[in-house]
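K.L.:
I need the structure of the sequence given here:
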Amino acid sequence: MVSPKTVTELTSDTSGSVAVARLMVDGDDLVLRLAWWEKAIARRGNVRIPLAAVERTGIEPDWWRALRGIRVRTHALVVPGMLCLGVWRHGGDQDFLALRRPRRAPTVVVDLHDLRTAAPYARIAVTCPHASQTVTALNTALDRHRRGDSSAASDQSLHGGLL
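P.N.:
From the prediction side, this is the model:
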């Protein structure tokens with residue numbers, strides 16, 4: 001198992017603008033850390049998902065393609081063409097999205113197993129300026145978790161400005 005004290009930030013916003021959502025691996029969990037204003041809009045704290053619930057990770061070059069279904073009005077905000085934040089419902093499932101329309105920034109998409117008690121969402125999607133590096137780091141953390149390898153975990157910085 002990965003040491004519970006190991007925290008690896010997978011995404012960061014290096015533009016110096018308003019704080020935005022970030023993906024992190026914290027021990028055996030994938031954590032979507034939300035900025036204070038995102039927590040207020042979504043009416044929830046950080047999203048914490050066990051790594052065991054992650055089915056697949058990928059990159060969607062167009063942020064709007066990660067949208068599925070309709071927003072849950074009391075837990076989401078849409079600024080047309082600019083921002084989609086919060087919970088979207090489709091069929092019997094829900095997705096949590098933190099999507100912004102920065103120039104040329106793709107979206108990291110994390111599809112989750114149907115483990116309702118462990119993962120309240122079917123998908124998490126986050127706009128990320130360093131999507132390929134984020135997916136690589138996440139897949140590395142998933143491989144370590146699945147192997148039960150705690151010696152490979154570290155707090156060292158990743159390339160591309162990721163922590």
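K.L.:
what about the helices in this structure?
P.N.:
Assigned helices in the chain, in chain order: 36-42, 131-147 (criterion: DSSP state H).
K.L.:
which one of these is the most hemmed in?
P.N.:
For the helices of the chain, ranked by mean neighbour count under the definition mean count of other Cβ atoms under 10 Å, the leader is helix 131-147 at a mean of 18. Any C-beta I mention is one placed from the backbone N, CA and C, and that applies to glycine too.
K.L.:
what comes up buried for the longest strand seen in the chain?
P.N.:
The single longest strand within the chain, with elements called by DSSP state E, is strand 70-79. Going by neighbour count (16 or more other Cβ atoms under 10 Å), the buried part of strand 70-79 is Arg71, His75, Ala76, Val78.
K.L.:
and of the helices of the chain, who's closest to Ile124?
P.N.:
Nearest to Ile124 among the helices of the chain is helix 131-147 (10.8 Å), distances taken as Cβ to Cβ.
K.L.:
in the buried residues of strand 70-79, find the pair that's most separated.
P.N.:
Considering Cβ to Cβ, no two members of those lie farther apart than His75 and Val78, which are separated by 11.8 Å.
K.L.:
nearest to Lys39, of the buried residues of strand 70-79?
P.N.:
With Cβ to Cβ as the yardstick, the closest approach to Lys39 among the buried residues of strand 70-79 comes from His75, at 11.1 Å.
K.L.:
for the closest one, give me its contacts.
P.N.:
His75 is in contact with Ala42, Arg43, Arg44, Gly86, Val87, counting by Cβ atoms under 8 Å, 6 or more residues apart in numbering.
K.L.:
go on, Ala76?
P.N.:
So, once contact is read as Cβ under 8 Å, 6+ apart, Ala76 ends up touching Ile41, Ala42, Cys84, Leu85, Gly86, Val87, Trp88, Leu97.
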